[in-house]
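# requesting a structural model of the entry that follows:
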Amino acid sequence: MDFGRVDNIDSIDFTLPPDHLMTTEVLQKSDKRTPKIFVGCAKWGRPDWVGKIYPKGTKEASFLKEYVKHFNSIELNATFYRIFDKNVVEKWQETAPDGFKFSPKFFQTISHIKRLKDVDELTKAYYESIEILGDKLGSCFLQLPENFGPKHYASIEFYLKNLRKDVPVFLELRSKDWFKSSTESNEAFEFFREQRIGMVITDAAGRRDCVHQHLTTPEAFIRFVGNSLHPTDYQRIDEWVQRIKRWLDQGLQTLHFFMHQHEEFYSPELCVYLIKALNKECGLTLTVPVLAYEKQKDISSTLF
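Residues are numbered from 1 along each chain as shown. Model prediction:
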(Lines give C-alpha, C1' and ligand atoms only; values in the text may rest on other atoms or scores of the structure.)
Protein backbone atom coordinates (compact mmCIF):
# COMPACT_ATOMS: atom_id res chain seq x y z
CA MET A 1 0.00 0.00 0.00
CA ASP A 2 1.65 3.26 -1.15
CA PHE A 3 -0.91 5.68 0.28
CA GLY A 4 0.74 8.01 2.80
CA ARG A 5 4.30 6.80 2.15
CA VAL A 6 7.04 9.18 3.32
CA ASP A 7 10.83 8.96 3.23
CA ASN A 8 11.58 10.30 6.70
CA ILE A 9 9.51 8.44 9.26
CA ASP A 10 11.31 10.06 12.20
CA SER A 11 9.89 13.48 11.29
CA ILE A 12 6.24 12.39 11.69
CA ASP A 13 4.13 13.11 14.75
CA PHE A 14 2.07 9.93 15.04
CA THR A 15 0.06 11.03 18.08
CA LEU A 16 -3.60 10.17 17.63
CA PRO A 17 -5.86 13.24 17.59
CA PRO A 18 -8.65 13.56 20.16
CA ASP A 19 -12.00 12.01 19.34
CA HIS A 20 -14.46 14.09 17.38
CA LEU A 21 -17.45 15.22 19.45
CA MET A 22 -19.74 13.07 17.30
CA THR A 23 -17.72 9.97 18.24
CA THR A 24 -18.46 10.47 21.92
CA GLU A 25 -22.14 11.10 21.22
CA VAL A 26 -22.50 8.04 18.99
CA LEU A 27 -20.80 5.69 21.46
CA GLN A 28 -22.72 7.00 24.46
CA LYS A 29 -26.03 6.37 22.66
CA SER A 30 -25.14 2.89 21.43
CA ASP A 31 -26.74 -0.25 22.78
CA LYS A 32 -24.24 -1.88 25.11
CA ARG A 33 -23.46 -5.38 23.87
CA THR A 34 -20.58 -7.82 23.65
CA PRO A 35 -18.30 -6.28 21.02
CA LYS A 36 -17.27 -8.08 17.86
CA ILE A 37 -13.57 -7.75 17.08
CA PHE A 38 -12.08 -8.52 13.68
CA VAL A 39 -8.38 -8.27 12.86
CA GLY A 40 -6.81 -9.20 9.56
CA CYS A 41 -4.67 -8.23 6.61
CA ALA A 42 -5.50 -6.78 3.20
CA LYS A 43 -4.91 -9.90 1.12
CA TRP A 44 -4.06 -13.57 1.47
CA GLY A 45 -2.29 -14.08 -1.87
CA ARG A 46 1.25 -13.57 -0.61
CA PRO A 47 3.84 -16.09 -1.86
CA ASP A 48 6.40 -14.46 0.43
CA TRP A 49 4.36 -15.61 3.44
CA VAL A 50 5.19 -19.23 2.63
CA GLY A 51 7.54 -20.29 5.38
CA LYS A 52 6.39 -17.38 7.55
CA ILE A 53 2.64 -17.77 8.13
CA TYR A 54 1.95 -20.50 5.58
CA PRO A 55 3.78 -23.86 5.87
CA LYS A 56 6.70 -24.46 3.56
CA GLY A 57 5.53 -25.93 0.27
CA THR A 58 2.08 -24.32 0.40
CA LYS A 59 0.72 -23.75 -3.10
CA GLU A 60 -1.16 -20.58 -4.09
CA ALA A 61 -4.46 -22.45 -4.31
CA SER A 62 -4.20 -23.18 -0.57
CA PHE A 63 -3.24 -19.70 0.64
CA LEU A 64 -6.76 -18.79 1.81
CA LYS A 65 -7.10 -22.16 3.57
CA GLU A 66 -3.96 -21.35 5.54
CA TYR A 67 -4.82 -17.67 6.08
CA VAL A 68 -8.12 -18.42 7.84
CA LYS A 69 -6.31 -20.58 10.38
CA HIS A 70 -4.70 -17.44 11.79
CA PHE A 71 -7.10 -14.53 11.21
CA ASN A 72 -10.85 -14.00 11.62
CA SER A 73 -11.24 -11.48 8.80
CA ILE A 74 -9.79 -10.11 5.57
CA GLU A 75 -9.97 -6.67 4.00
CA LEU A 76 -10.90 -7.92 0.56
CA ASN A 77 -9.08 -5.55 -1.79
CA ALA A 78 -9.37 -8.01 -4.69
CA THR A 79 -12.96 -6.88 -5.33
CA PHE A 80 -11.66 -3.39 -6.13
CA TYR A 81 -10.15 -4.73 -9.33
CA ARG A 82 -12.92 -7.02 -10.59
CA ILE A 83 -16.36 -8.41 -9.86
CA PHE A 84 -15.79 -12.09 -9.25
CA ASP A 85 -17.77 -14.96 -10.71
CA LYS A 86 -20.15 -16.92 -8.49
CA ASN A 87 -17.99 -20.06 -8.41
CA VAL A 88 -14.94 -18.12 -7.15
CA VAL A 89 -16.85 -16.45 -4.32
CA GLU A 90 -18.50 -19.75 -3.40
CA LYS A 91 -15.06 -21.28 -2.97
CA TRP A 92 -14.02 -18.47 -0.65
CA GLN A 93 -17.19 -18.94 1.36
CA GLU A 94 -16.66 -22.68 1.66
CA THR A 95 -13.01 -22.30 2.66
CA ALA A 96 -13.57 -19.85 5.51
CA PRO A 97 -14.78 -21.19 8.87
CA ASP A 98 -17.88 -20.04 10.71
CA GLY A 99 -17.35 -16.61 12.24
CA PHE A 100 -14.89 -15.46 9.61
CA LYS A 101 -15.73 -12.18 7.84
CA PHE A 102 -14.81 -10.83 4.42
CA SER A 103 -14.93 -7.02 4.03
CA PRO A 104 -15.00 -6.43 0.26
CA LYS A 105 -13.98 -3.13 -1.30
CA PHE A 106 -16.32 -1.59 -3.86
CA PHE A 107 -15.36 -2.15 -7.51
CA GLN A 108 -13.09 0.63 -8.81
CA THR A 109 -15.23 1.34 -11.88
CA ILE A 110 -18.02 2.38 -9.51
CA SER A 111 -15.89 4.64 -7.32
CA HIS A 112 -12.92 5.83 -9.37
CA ILE A 113 -13.81 5.57 -13.05
CA LYS A 114 -17.53 6.38 -13.19
CA ARG A 115 -17.30 8.27 -9.88
CA LEU A 116 -20.70 7.05 -8.61
CA LYS A 117 -22.54 8.19 -11.75
CA ASP A 118 -24.71 5.78 -13.79
CA VAL A 119 -23.51 2.76 -11.85
CA ASP A 120 -26.78 1.06 -10.89
CA GLU A 121 -26.07 -2.08 -12.88
CA LEU A 122 -22.46 -2.30 -11.72
CA THR A 123 -23.52 -1.85 -8.10
CA LYS A 124 -26.15 -4.55 -8.51
CA ALA A 125 -23.53 -6.89 -9.98
CA TYR A 126 -21.12 -6.12 -7.11
CA TYR A 127 -23.75 -6.97 -4.50
CA GLU A 128 -24.87 -10.10 -6.33
CA SER A 129 -21.28 -11.31 -6.27
CA ILE A 130 -20.43 -10.58 -2.64
CA GLU A 131 -23.77 -11.71 -1.18
CA ILE A 132 -22.72 -15.28 -2.04
CA LEU A 133 -20.49 -15.00 1.03
CA GLY A 134 -23.65 -15.29 3.12
CA ASP A 135 -23.09 -14.91 6.85
CA LYS A 136 -19.35 -14.57 6.19
CA LEU A 137 -19.92 -11.21 4.53
CA GLY A 138 -18.76 -8.51 6.90
CA SER A 139 -18.83 -4.79 6.12
CA CYS A 140 -18.22 -3.35 2.67
CA PHE A 141 -16.10 -0.28 2.18
CA LEU A 142 -16.30 2.39 -0.47
CA GLN A 143 -13.06 4.25 -1.10
CA LEU A 144 -13.30 7.57 -2.95
CA PRO A 145 -10.43 9.21 -4.88
CA GLU A 146 -8.33 12.02 -3.41
CA ASN A 147 -9.88 14.52 -5.85
CA PHE A 148 -13.42 13.64 -4.72
CA GLY A 149 -14.02 16.41 -2.19
CA PRO A 150 -17.01 18.14 -0.57
CA LYS A 151 -18.01 19.76 -3.87
CA HIS A 152 -19.02 16.24 -4.95
CA TYR A 153 -21.18 15.71 -1.88
CA ALA A 154 -24.43 15.61 -3.88
CA SER A 155 -23.18 12.60 -5.85
CA ILE A 156 -22.17 10.79 -2.66
CA GLU A 157 -25.48 11.55 -0.97
CA PHE A 158 -27.50 10.31 -3.93
CA TYR A 159 -25.47 7.12 -4.25
CA LEU A 160 -25.50 6.23 -0.57
CA LYS A 161 -29.23 6.91 -0.20
CA ASN A 162 -29.92 4.33 -2.86
CA LEU A 163 -27.62 1.60 -1.55
CA ARG A 164 -29.01 -1.58 -0.06
CA LYS A 165 -29.43 -1.30 3.70
CA ASP A 166 -28.89 -4.96 4.62
CA VAL A 167 -25.07 -4.83 4.45
CA PRO A 168 -23.03 -2.37 6.58
CA VAL A 169 -21.05 0.11 4.48
CA PHE A 170 -18.02 2.18 5.47
CA LEU A 171 -16.82 5.17 3.49
CA GLU A 172 -13.15 6.10 3.04
CA LEU A 173 -12.69 9.78 2.20
CA ARG A 174 -9.25 10.84 0.97
CA SER A 175 -9.63 14.46 -0.10
CA LYS A 176 -8.02 16.72 2.52
CA ASP A 177 -10.96 19.10 2.22
CA TRP A 178 -13.25 16.67 4.03
CA PHE A 179 -11.24 17.10 7.22
CA LYS A 180 -11.38 20.90 7.27
CA SER A 181 -14.36 22.13 9.22
CA SER A 182 -16.87 23.57 6.76
CA THR A 183 -20.59 23.68 6.21
CA GLU A 184 -20.31 21.05 3.47
CA SER A 185 -18.20 18.58 5.43
CA ASN A 186 -20.25 18.99 8.63
CA GLU A 187 -23.46 18.42 6.67
CA ALA A 188 -21.95 15.34 5.05
CA PHE A 189 -20.89 13.73 8.31
CA GLU A 190 -24.33 14.33 9.80
CA PHE A 191 -25.83 12.65 6.74
CA PHE A 192 -23.49 9.65 7.12
CA ARG A 193 -24.59 9.37 10.74
CA GLU A 194 -28.28 9.49 9.81
CA GLN A 195 -27.80 6.85 7.12
CA ARG A 196 -25.66 4.67 9.43
CA ILE A 197 -22.74 4.83 7.01
CA GLY A 198 -19.53 4.18 8.90
CA MET A 199 -16.32 6.13 8.40
CA VAL A 200 -13.02 4.44 7.58
CA ILE A 201 -10.08 5.75 9.60
CA THR A 202 -6.82 5.40 7.69
CA ASP A 203 -3.63 5.75 9.73
CA ALA A 204 -0.74 6.44 7.34
CA ALA A 205 2.44 8.40 7.97
CA GLY A 206 1.99 10.97 5.23
CA ARG A 207 -1.75 11.65 5.67
CA ARG A 208 -2.39 12.42 9.31
CA ASP A 209 -5.65 14.18 8.39
CA CYS A 210 -7.17 10.79 7.53
CA VAL A 211 -6.78 9.74 11.19
CA HIS A 212 -9.87 11.81 11.84
CA GLN A 213 -11.26 9.84 14.84
CA HIS A 214 -14.76 10.52 13.59
CA LEU A 215 -17.22 7.67 14.20
CA THR A 216 -20.67 8.04 12.67
CA THR A 217 -21.81 4.61 13.89
CA PRO A 218 -20.81 2.58 16.97
CA GLU A 219 -18.44 0.63 14.73
CA ALA A 220 -14.84 1.35 13.75
CA PHE A 221 -13.06 0.40 10.55
CA ILE A 222 -9.33 1.12 10.85
CA ARG A 223 -6.81 0.73 8.04
CA PHE A 224 -3.37 0.89 9.65
CA VAL A 225 -0.40 1.46 7.35
CA GLY A 226 2.89 0.48 8.98
CA ASN A 227 6.44 1.12 7.88
CA SER A 228 8.18 -2.28 7.68
CA LEU A 229 8.26 -2.81 11.45
CA HIS A 230 9.88 0.54 12.19
CA PRO A 231 9.88 1.10 15.98
CA THR A 232 7.10 3.67 15.57
CA ASP A 233 4.81 0.92 14.23
CA TYR A 234 4.73 -0.67 17.68
CA GLN A 235 4.35 2.66 19.47
CA ARG A 236 1.42 3.55 17.22
CA ILE A 237 -0.22 0.17 17.88
CA ASP A 238 0.16 0.70 21.62
CA GLU A 239 -1.66 4.03 21.39
CA TRP A 240 -4.37 2.54 19.19
CA VAL A 241 -4.98 -0.23 21.72
CA GLN A 242 -5.57 2.32 24.46
CA ARG A 243 -7.94 4.30 22.23
CA ILE A 244 -9.83 1.13 21.31
CA LYS A 245 -10.04 0.15 24.96
CA ARG A 246 -11.68 3.50 25.73
CA TRP A 247 -14.10 3.11 22.81
CA LEU A 248 -15.06 -0.36 23.99
CA ASP A 249 -15.74 1.01 27.48
CA GLN A 250 -17.91 3.73 25.92
CA GLY A 251 -19.98 1.33 23.80
CA LEU A 252 -18.13 0.39 20.62
CA GLN A 253 -20.00 -2.55 19.12
CA THR A 254 -17.73 -3.69 16.29
CA LEU A 255 -14.08 -3.19 15.41
CA HIS A 256 -12.51 -3.96 12.05
CA PHE A 257 -8.74 -3.46 12.19
CA PHE A 258 -6.87 -4.22 8.98
CA MET A 259 -3.11 -4.25 8.83
CA HIS A 260 -1.20 -2.82 5.90
CA GLN A 261 2.48 -2.26 5.29
CA HIS A 262 4.15 -0.53 2.39
CA GLU A 263 5.85 -3.91 2.12
CA GLU A 264 3.01 -6.30 2.99
CA PHE A 265 5.53 -9.01 3.81
CA TYR A 266 5.63 -7.63 7.37
CA SER A 267 1.90 -7.44 8.09
CA PRO A 268 1.64 -10.75 10.01
CA GLU A 269 4.21 -9.72 12.62
CA LEU A 270 2.36 -6.52 13.39
CA CYS A 271 -0.95 -8.38 13.58
CA VAL A 272 0.56 -10.70 16.18
CA TYR A 273 1.69 -7.70 18.22
CA LEU A 274 -1.71 -6.00 17.93
CA ILE A 275 -3.74 -9.06 18.87
CA LYS A 276 -1.58 -9.83 21.90
CA ALA A 277 -1.93 -6.23 23.06
CA LEU A 278 -5.72 -6.21 22.55
CA ASN A 279 -6.06 -9.45 24.49
CA LYS A 280 -3.94 -8.13 27.35
CA GLU A 281 -5.29 -4.59 27.60
CA CYS A 282 -8.93 -5.13 26.62
CA GLY A 283 -9.54 -8.54 28.17
CA LEU A 284 -10.15 -10.20 24.80
CA THR A 285 -9.44 -13.77 23.73
CA LEU A 286 -8.61 -13.33 20.07
CA THR A 287 -6.63 -16.13 18.42
CA VAL A 288 -2.99 -15.12 18.03
CA PRO A 289 -1.49 -16.00 14.62
CA VAL A 290 1.44 -18.38 14.85
CA LEU A 291 4.43 -17.45 12.73
CA ALA A 292 6.35 -20.41 11.35
CA TYR A 293 9.62 -19.43 13.01
CA GLU A 294 7.85 -19.09 16.37
CA LYS A 295 6.40 -22.57 15.90
CA GLN A 296 9.87 -23.89 15.07
CA LYS A 297 11.25 -22.17 18.17
CA ASP A 298 8.62 -23.95 20.32
CA ILE A 299 9.53 -27.30 18.75
CA SER A 300 13.23 -26.72 19.30
CA SER A 301 12.71 -25.80 22.95
CA THR A 302 11.15 -29.21 23.63
CA LEU A 303 14.22 -31.00 22.33
CA PHE A 304 16.66 -29.64 24.90
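# in this structure, which spans are helices?
Across the chain, reading from the start of the chain, the helices by DSSP state H fall at 21-28, 63-67, 86-95, 108, 120-130, 153-161, 183-194, 231-250, 267-282, 292-301.
# contacting residues for the nearest residue to Ala188 once chain neighbours are set aside?
Using C-beta to C-beta, 6 or more residues apart in numbering and skipping residues adjacent in sequence, the residue nearest Ala188 is Tyr153, 5.2 Å away. Glycine gets a C-beta too; all of them are placed from N, C-alpha and C. With contact taken as C-beta atoms under 8 Å, 6 or more residues apart in numbering, Tyr153 is in contact with Glu184, Glu187, Ala188.
# and what of Leu252?
Applying C-beta under 8 Å, 6+ apart, we find Leu252 in contact with Leu27, Ser30, Pro35, Leu215, Pro218, Glu219, Ala220, Ile244.
# do Pro47 as well
By C-beta under 8 Å, 6+ apart, the contact set of Pro47 is Glu60.
# roughly how far does it sit from Pro268?
Pro47 sits 14 Å away from Pro268 when distances are taken as C-beta to C-beta, to the nearest Å.
# ditto for Arg208
Note on Arg208: its distance to Pro268, by C-beta to C-beta, is 26 Å.
# same check on Ala78?
Distance check for Ala78 against Pro268: by C-beta to C-beta, it reads 18 Å.
# give me the residue at the spatial middle of the chain.
For the chain, the residue lying nearest the average C-alpha position, counting by C-alpha atoms, centre = their mean, turns out to be Phe258 (4.0 Å).
# quick one: pLDDT of Asn279?
The predicted local distance difference test score for Asn279 is 98.
# next, count neighbours for the residue nearest to Lys117 when sequence neighbours are not counted.
Closest residue to Lys117 in three dimensions, ignoring its sequence neighbours and counting by C-beta to C-beta, 6+ apart: Ser155, at 6.6 Å. Around Ser155 there are 14 other residues, counting by other C-beta atoms under 10 Å.
# hang on, the earlier thing: the more surrounded of Ala78 and Pro268?
Neighbours of Ala78 and Pro268, each counted by other C-beta under 10 Å, are more numerous for Pro268; the result is 24 against 18.
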